[in-house]
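Engineer: Sequence unavailable; structure follows:
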């Protein structure tokens, strides 16, 4: 079951790298949240109940429900529905993504460790690189935000892999999630609405 | 106990400012906070190497940077009062409450003795800086704030992956609370590949704060838009937070076989930072952006110094301190520069010496200090860096650094001399804002420059001892 969830998470990354519609991005971010919830539930079975409840609530509520809800809200407010400005064509993004997967496999196998499942590490690294690729290859700042959310999920996946041994690290990762909440609500929800295009006033 | 008192008082002060909505009260509390910060520094020097609440230690390197912050805090508040003079009470209070929060988080980061606690404080500084950069509430401020928060968040996430990799090495429930000292006992048994990957993640991640290549762009945009006193902090003490994070991991790993890998990585990052800085400074059109690139150049030099080893370690810490004093002085004077010239665009300003000689003289002195011409203490740091490069026979780095520094000096001098003595090539029509320019405002900057000048000729024994103690664990 665990392998299925992790592989499904990796599949969402491939789909996200090729997606063009922001509604698809929002739905898949929700799907990633639910998958991480499942992974957390199965993986963190040795964790203290109170902490586990907190983690489950954070993954299911924040990542699975609130984040996609906020993304849909932003899409409605900004009326930006499609990624109409990419710095790199989709074909090359897919190639880059495939390369990222290979690099992740190589690194994860090089860094084999008794404290972490190699598949976990592969997918977490792949998610990290996918997020960076989306940030670098897209021009719109909503796409950048999606990239950042993927990186944030990658970090959370890393922490879940260590969660039984190191619950404090999970709590810190949740702090990062709260930070993301501020980022999304503070800028997109409240202020950045008219400037959802690429921001180019400050340049050399 | 002392630190709990400091953090709770800071929280109380920031909350009181937001609740009271009174400018005089805010000024009073801000000055009290600066005195509190100075008091904490003095207390720290009397309690060196003592640990508080498990997570904080008055270490030598932390105290050096905390003291630098304490020295800069008073002029920062003073110039902040001037900058926000015409702001509404609400914006005035948000600005100063955020400033207190930022200084407190920076103090927390300097004194943290574990990687996770340091990371938490670094994350917290991003939020408080965002509120300060956004102070002017225009489109450019919004863009700069967004870029700052976004890129810093990405950097912080990447740095956290580096910290997690350290956790994998240890693999126990208390990994998050492990102090640097405790970690140093375990590090010799760690897999070097893990250490290398962790170092790269930490270096790239905290580069957002230190303002190093490849994450330098975030601070450049923030500098050009933020209020002048905020730029003074972002460019100095906040960069020092990033430096400290990288320095601590470098020190931690320096006893392992990856030392040369770290040194090469730092050297490469430093040279690339210098290259980017020199390139952009040669085509600079905006004076604050130009000085922002100058900060990139300085941090590049710090990275090269750390990478070169031996006397380079000493030079790196000395340079970080001196750069903080000089660059904050430059950015403080940018407030008056804007008042007089009503623009930061290089083409639109000129004859500054004629229009406002006190400010112009200060700008000239500051530039002489930043390009490391004696009596600038930075001269000593740069000499030590070159000495270290020669000792290590890093001839290529030596030549590239020397050439790039020459380009930086040329760029800075030509532009600043043009501002001081030539007519503006595209003059703008100045409007009378009714704001009075007070020569007294230049005094704090001269005091900061005086400290740097004294340190060129005489470095007091306690400073030398503190720097040497900070680099004690590094290989000789």
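Structural biologist: On my side now, so go ahead. Since this is a predicted model, take the numbers as computed values, not measurements.

Engineer: And the pLDDT for residue B:235?
Structural biologist: In the predicted model, residue B:235 carries a pLDDT score of 90.

Engineer: Helix or strand: which one has the closest residue in space to it that isn't next to it in sequence?
Structural biologist: Counting by CB to CB, 6 or more residues apart in numbering or on different chains, residue B:235 lies nearest to residue B:295, which is 4.6 Å off, once chain neighbours are set aside. The C-beta positions use only the backbone N, C-alpha and C, and glycine is treated the same way. Residue B:295 belongs to helix B:287-308 when assigned by DSSP states H and E.

Engineer: still on that earlier bit, counting neighbours, what do you get for the residue nearest to residue B:235?
Structural biologist: For residue B:295, the number of neighbouring residues by other CB atoms under 10 Å in any protein chain shown comes to 27.

Engineer: What of residue B:354?
Structural biologist: Neighbour tally, residue B:354, other CB under 10 Å: 11.

Engineer: is it fair to say it lies in a strand?
Structural biologist: No - using DSSP: H, G, I helix; E, B strand; the rest coil, the assignment for residue B:354 is helix, not a strand.

Engineer: out of everything not next to it in sequence, what's closest to residue 3?
Structural biologist: Here I'm looking at chain A. residue A:119 (6.5 Å).

Engineer: Oops, wrong one, chain B.
Structural biologist: Leaving out its chain neighbours, the residue that sits closest to residue B:3 by CB to CB, 6+ apart is residue B:52, at 4.8 Å.

Engineer: Could you do residue B:361 as well?
Structural biologist: residue B:353 (7.6 Å).

Engineer: Report how many residues lie close to that neighbour.
Structural biologist: With other CB under 10 Å as criterion, residue B:353 counts 17.

Engineer: While we're on it, how confident is the model there?
Structural biologist: pLDDT at residue B:353 comes out at 92.

Engineer: quick one: it and residue B:362 touch, right?
Structural biologist: No - assessed by CB atoms under 8 Å, residue B:353 is found out of contact with residue B:362, at 11.0 Å.

Engineer: Does stretch A:50-57 reach chain B?
Structural biologist: No - for stretch A:50-57, no contact with chain B is found by CB under 8 Å from any CB of the partner chain; the gap never falls below 11.5 Å.

Engineer: Residue B:381 is in contact with residue B:304, isn't it?
Structural biologist: No - taking contacts as CB under 8 Å, residue B:381 lies outside contact range of residue B:304: 11.2 Å.

Engineer: that older thread, in the sheet, who's paired with the residue nearest to residue B:3?
Structural biologist: residue B:56 (DSSP bridges).

Engineer: Need the per-residue pLDDT for it.
Structural biologist: Among the per-residue scores, residue B:52 shows a pLDDT of 83.

Engineer: ditto for residue B:98
Structural biologist: So residue B:98 comes in at 95 (pLDDT).

Engineer: same deal with the one 3 residues further on?
Structural biologist: What the model reports for residue B:101 is a pLDDT of 96.

Engineer: Distance of it relative to chain A?
Structural biologist: Here the criterion is CB to the nearest CB, to the nearest Å. By it, residue B:101 lies 14 Å from chain A.

Engineer: count of neighbours near that residue?
Structural biologist: Other residues close to residue B:101 by other CB under 10 Å number 21.

Engineer: Skip the chain neighbours and tell me the closest residue to residue B:367.
Structural biologist: Residue B:367 sits nearest to residue B:416 (CB to CB, 6+ apart), 4.8 Å away.

Engineer: Ok, residue B:425 next?
Structural biologist: residue B:347 (4.9 Å).

Engineer: ok, the one you found - contacts?
Structural biologist: With contact taken as CB atoms under 8 Å, 6 or more residues apart in numbering or on different chains, residue B:347 is in contact with B:285, B:424-426.

Engineer: still on that earlier bit, average pLDDT for the helix holding residue B:295, rounded please.
Structural biologist: For helix B:287-308, the per-residue pLDDT averages 94.

Engineer: Which helix or strand lies directly C-terminal to it?
Structural biologist: helix B:311-341.

Engineer: Any part of stretch A:28-41 near chain B?
Structural biologist: No - Stretch A:28-41 stays out of contact with chain B when judged by CB under 8 Å from any CB, the minimum separation being 15.1 Å.

Engineer: repeat for stretch A:71-88
Structural biologist: No - taking CB under 8 Å from any CB as the criterion, stretch A:71-88 and chain B are apart, separated by no less than 13.4 Å.

Engineer: So what's the gap between stretch B:273-288 and the chain middle?
Structural biologist: 18 Å (CA atoms, centre = their mean, to the nearest Å).

Engineer: re the thing from before, any idea how far chain A is from the residue nearest to residue B:425?
Structural biologist: Going from residue B:347 to chain A by CB to the nearest CB gives 14 Å.

Engineer: Show the contacting residues for the residue lying closest to residue B:92 once chain neighbours are set aside.
Structural biologist: Closest residue to residue B:92 apart from its sequence neighbours, by CB to CB, 6+ apart: residue B:84 at 4.8 Å. Listed by CB under 8 Å, 6+ apart, the contact partners of residue B:84 are B:91-92, B:95-96, B:135, B:227.

Engineer: could you check the angle helix B:311-341 makes with the host helix or strand of residue B:266?
Structural biologist: Element membership of residue B:266, judged by DSSP H and E, is helix B:259-282. Orientation of helix B:259-282 against helix B:311-341 (axes from the mean of the first three to the mean of the last three CA atoms, to 10 degrees) gives an angle of 20 degrees.

Engineer: Spell out, range by range, the helices that occur in chain A.
Structural biologist: With DSSP state H applied, chain A shows helices at A:2-18, A:22-43, A:49-57, A:67-78, A:90-110, A:118-137, A:141-162, A:167-183, listed in chain order.

Engineer: and the gap between the residue nearest to residue A:3 and chain B?
Structural biologist: Noted for residue A:119: a distance of 15 Å to chain B, by CB to the nearest CB.

Engineer: do the same with residue A:103
Structural biologist: Distance from residue A:103 to chain B, by CB to the nearest CB: 12 Å.

Engineer: Equivalent analysis for residue A:77, please.
Structural biologist: 16 Å.

Engineer: how many neighbours does that residue have?
Structural biologist: Counted with other CB under 10 Å, residue A:77 comes out at 13.

Engineer: which bits of the stretch 251-400 of chain B sit near chain A?
Structural biologist: B:280, B:283-285, B:289.

Engineer: Just want the most central residue of chain A.
Structural biologist: Taking CA atoms, centre = their mean, the centroid of chain A lies closest to residue A:150, which sits 1.8 Å from it.
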